[in-house]
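> I would like to see how this sequence folds:
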Amino acid sequence: MAAEKLTRGRLAQIIVMLTLLVIAFFWRTVIYTPGLTIIDCKDATGFCGTSQSQEKVAYEWIRKNDTIYFSLVSESKPHSAYWDQKGKQSPELSIKQVQEGEGYRTNWQWSRHDLPTDMGIFNVVFDRYQFKFNYPEKG
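Numbering: from 1, shown residues only. Predicted coordinates for the structure are as follows:
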């Protein structure tokens with residue numbers, strides 16, 4: 001093949017293949033969206049994040065009488081929040097969201113009667129990060 005003459009057909013084939021490769025490279029570079037990074041937060045209170053995540057949060061579960069409060073402080077506003085129950089998602093809206101310095105404090109509250117049955121994990125989603133908060137065990 002190296003000893004063959006470069007014909008118009010062979011040149012057209014090379015140009016077409018190079019064009020396809022360049023288009024594929026730029027398409028993948030421009031359109032690329034990374035997958036959702038899932039971060040588990042196991043304690044009832046504290047900070048959560050990973051060394052790879054740009055989003056880090058401080059959170060706290062509080063139980064007072066018949067009311068459960070969940071507070072989250074983050075650098076950006078969460079996109080969604082939901083209870084994860086046996087493969088189903090039960091969306092939850094924030095009761096209150098305020099700006100604190102360069103971050104945001106988002107608060108949720110439920111009465112014990114309004115909580116989903118068999119709840120275990122409360123999920124909060126930011127751009128590329130999904131934080132999973134374990135509902136604290138009764139104690």
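> where in the chain is pLDDT low?
By pLDDT under 70, the weakly predicted segments of the chain are 1-2, 32-34, 51-53, 85-95, 116-119, 137-139.
> Domain-wise, how is it divided?
1-32, 37-134 (automatic domain parsing).
> just those domains: most buried one?
With neighbours taken as mean count of other Cβ atoms under 10 Å, the domains of the chain reach their highest mean count in domain 37-134, at a mean of 15. Every C-beta, even on glycine, is put in place using the N, C-alpha and C of the backbone.
> if I look at Val57, how far off is Asp114?
24 Å (Cβ to Cβ, to the nearest Å).
> same question, Glu102
With Cβ to Cβ as the criterion, Glu102 and Asp114 are 32 Å apart.
> who's in contact with the closest residue to Tyr129 other than its chain neighbours?
Distances taken as Cβ to Cβ, 6 or more residues apart in numbering put Glu55 closest to Tyr129, at 4.7 Å, once the chain neighbours are dropped. By Cβ atoms under 8 Å, 6 or more residues apart in numbering, the contact list for Glu55 reads 49, 74-76, 126-127, 129.
> what's the most distant pair in these?
Gly49 and Asp127 (13.6 Å; Cβ to Cβ).
> in this structure, which spans are helices?
Ranges of helices within the chain are 8-31, based on DSSP state H.
> residue ranges for the strands of it, please.
For the chain, the strands defined by DSSP state E cover 37-41, 45-48, 57-64, 67-74, 80-85, 88-91, 96-100, 103-111, 121-125, 129-134.
> Turn those into JSON lines, including distance to Glu4.
Listed next are those as JSON lines, based on distance: least, Cβ to Cβ, whole Å:
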{"stretch": "strand 37-41", "distance to Glu4": "50"}
{"stretch": "strand 45-48", "distance to Glu4": "62"}
{"stretch": "strand 57-64", "distance to Glu4": "63"}
{"stretch": "strand 67-74", "distance to Glu4": "62"}
{"stretch": "strand 80-85", "distance to Glu4": "60"}
{"stretch": "strand 88-91", "distance to Glu4": "61"}
{"stretch": "strand 96-100", "distance to Glu4": "68"}
{"stretch": "strand 103-111", "distance to Glu4": "65"}
{"stretch": "strand 121-125", "distance to Glu4": "57"}
{"stretch": "strand 129-134", "distance to Glu4": "54"}
